[in-house]
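Asker: Pasted the sequence and its predicted model underneath.
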Amino acid sequence: MVNHPREIVIAPLVTEKGTALKEEQNCYNFKVSINANKIEIKKAIEKIFPVKVVNVNTIRMKGKPKRQGRFSGYRADWKKAIVKLRSGDTIPDFES
């Protein structure tokens, strides 16, 4: 079990698709701990940012195969969270 909110929410994900989702539906994407559940993610986002979370969707992303010369392996698996905020709430870090 993860305790600190910064251990749950690892980093924001800024992509073209995520930016379009933010403008249309007020949703933000985050890279989160693979062991975190939706309730922990919601509480962590509300602690870190002054916003109210309406909905959390999670996706487990499989690591891609990579090669370094003759050695092959995989990147680590990770989890993505799509967080929907109450209308009117924004996260200022994404705006710039």
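Answerer: Done, it's in.
Asker: Got the confidence number for the residue most central in space within the chain?
Answerer: By CA atoms, centre = their mean, the chain has its centre lying nearest to residue 30, at 1.6 Å. On pLDDT, residue 30 comes in at 97.
Asker: Does residue 91 touch residue 49 like I think?
Answerer: Yes. Taking contacts as CB atoms under 8 Å, residue 91 lies within contact range of residue 49: 5.1 Å. All C-beta atoms are positioned from the backbone trio N, CA, C, and that covers glycine.
Asker: what about this structure, any weak spots by pLDDT?
Answerer: 1-2, 95-96 (pLDDT under 70).
Asker: would you list every one of the helices in the protein?
Answerer: All helices of the chain, identified by DSSP state H, fall at 5-8, 16-25, 38-48, 92-95.
Asker: what's the most buried one of those?
Answerer: helix 38-48 (a mean of 17; mean count of other CB atoms under 10 Å).
Asker: by contact count, what packs against that helix?
Answerer: Helix 38-48 makes packing contacts with helix 5-8, strand 9-12, strand 27-32, strand 53-61, strand 78-85 when contacts are defined by 3 or more CB pairs under 8 Å, 6 or more residues apart in numbering; DSSP states H and E.
Asker: Quick one: those as TSV, columns for distance to residue 41 too.
Answerer: What follows is the helices and strands packed on helix 38-48, written out as TSV (distance: least, CB to CB, whole Å):
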stretch	distance to residue 41
helix 5-8	6
strand 9-12	7
strand 27-32	6
strand 53-61	5
strand 78-85	5
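Asker: which one of the helices of the chain lies closest to residue 58?
Answerer: Nearest to residue 58 among the helices of the chain is helix 38-48; the distance by CB to CB comes to 6.1 Å.
Asker: you'd agree residue 21 is up against residue 29?
Answerer: Yes. Because the distance of 7.3 Å satisfies CB under 8 Å, residue 21 is recorded as touching residue 29.
Asker: who touches both of those two?
Answerer: residue 82 (CB atoms under 8 Å, 6 or more residues apart in numbering).
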